[in-house]
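Novice: Predicted model, plus sequence, below.
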Amino acid sequence: MTAIYFSCCIVGLLLITNSIGFVYSLLVIYTPWLNRFKIQAKAYRKGIFWKRMPLYLSNFLMLLVFSGVGSYLVFPYLESTWINPGWIALQVLVAFVVDDVFFYFYHRWLHQNKYMLGKVHSIHHRASPPFPLEYLYAHPLEWMLGMLGAVLGFAVAALVMPLNVYAVLVFGALRNLHEIHIHSDLNVPVLSQIPLLSKTKHHDDHHSFLEGNYASTFIWWDRLFKTEIKEKS
């Protein structure tokens, strides 16, 4: 694998996962097929998807550029050959845990800091009820700072052994798809039964109540720091 090939893989991964998010959003908003899984009874405002498209697209284009250029520049520091899948899984797990603990405190700070909440994070909270591509409906500064968690996660994983390009690709795909899904406002049975993994309702309740449920990937940080919103049946 070469640097340009790795960079193209990252860009391609983002294009594929966000295409899934685009189709997923259309299904959620414009068809009744998934209505039985919906969490909030509140209807989407007419035309909201297309009205928000400019911010989705501008954020996505910036994400493509940063990710493509960044992956090209860091490639020389990565292990580019296939290794034992167990080591790749370990690196992915470490990156997820570190990224999520960073996101928990970062997200909590966005709510506690009045300036950041009012000028930055409040944009994302216009998503209620959210739909899949709403993960991109945010102030550019918010998601740029949020990416530091993934960088920190990879840095910690690299302390275990040389960071592998396949671990980065697997993490990127799973992280992006998870973010898309937890903004879907859908309580899908199979996905909602994975132990310790944050459910869609966990993040959906955050959008509903505006406080609590600050973690993204796992639920244990909110339980540990007593910021979990108790689910209502």
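Specialist: Thanks, I have the structure now.
Novice: Tell me, please, the helix or strand in the protein that averages the lowest pLDDT.
Specialist: Ranked by mean pLDDT, DSSP states H and E, the helix or strand of the chain with the weakest confidence is helix 200-209, at a mean of 87.
Novice: Flag every buried residue along the helix or strand that that one is followed by.
Specialist: Moving toward the C-terminus from helix 200-209, the next helix or strand (DSSP states H and E) is helix 220-224. Across helix 220-224, burial judged by 16 or more other CB atoms under 10 Å covers Trp220, Trp221, Asp222. Yep, even glycine has a C-beta here, placed from its N, CA and C like the rest.
Novice: Leu186: which of those residues is nearest?
Specialist: Of all the buried residues of helix 220-224, Leu186 sits closest to Asp222, with 20.6 Å by CB to CB.
Novice: hang on, the earlier thing: quick one: buried residues of the least confident helix or strand of the chain?
Specialist: Neighbour-count burial for helix 200-209 [16+ other CB under 10 Å]: Thr200, Lys201, His202, His203, Asp204, Asp205, His206, His207, Ser208.
Novice: And the helices in the protein?
Specialist: With helices called from DSSP state H, the chain shows them at 3-30, 48-51, 53-74, 85-112, 114-116, 122-124, 140-146, 148-160, 165-182, 200-209, 220-224.
Novice: Now do the contacts for the most centrally placed residue in the chain.
Specialist: Residue closest to the average C-alpha location in the chain (CA atoms, centre = their mean): Glu179, at 3.1 Å. Each residue near Glu179 by CB atoms under 8 Å, 6 or more residues apart in numbering is listed here: Tyr135, Ser216.
Novice: Ok, Leu117 next?
Specialist: By CB under 8 Å, 6+ apart, the contact list for Leu117 reads Leu110, His111.
Novice: measure it to Ile29 for me?
Specialist: Counting by CB to CB, to the nearest Å, the gap from Leu117 to Ile29 is 27 Å.
Novice: now swap in Gly12 and tell me
Specialist: Per CB to CB, Gly12 is found 26 Å from Ile29.
Novice: which one of those two has more residues nearby?
Specialist: Ile29 (17 against 12; other CB atoms under 10 Å).
Novice: could you dump the buried residues of helix 200-209 to JSON lines with distance to Cys8?
Specialist: Converted to JSON lines, the buried residues of helix 200-209 look like this (distance: CB to CB, whole Å):
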{"residue": "Thr200", "distance to Cys8": "31"}
{"residue": "Lys201", "distance to Cys8": "36"}
{"residue": "His202", "distance to Cys8": "34"}
{"residue": "His203", "distance to Cys8": "31"}
{"residue": "Asp204", "distance to Cys8": "35"}
{"residue": "Asp205", "distance to Cys8": "38"}
{"residue": "His206", "distance to Cys8": "35"}
{"residue": "His207", "distance to Cys8": "34"}
{"residue": "Ser208", "distance to Cys8": "39"}
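Novice: follow-up on the earlier one: mind putting the helices of the chain in a markdown table, distance to Leu133 included?
Specialist: Converted to a markdown table, these look like this (distance: least, CB to CB, whole Å):
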| stretch | distance to Leu133 |
| --- | --- |
| helix 3-30 | 5 |
| helix 48-51 | 8 |
| helix 53-74 | 6 |
| helix 85-112 | 19 |
| helix 114-116 | 23 |
| helix 122-124 | 12 |
| helix 140-146 | 13 |
| helix 148-160 | 19 |
| helix 165-182 | 7 |
| helix 200-209 | 14 |
| helix 220-224 | 25 |
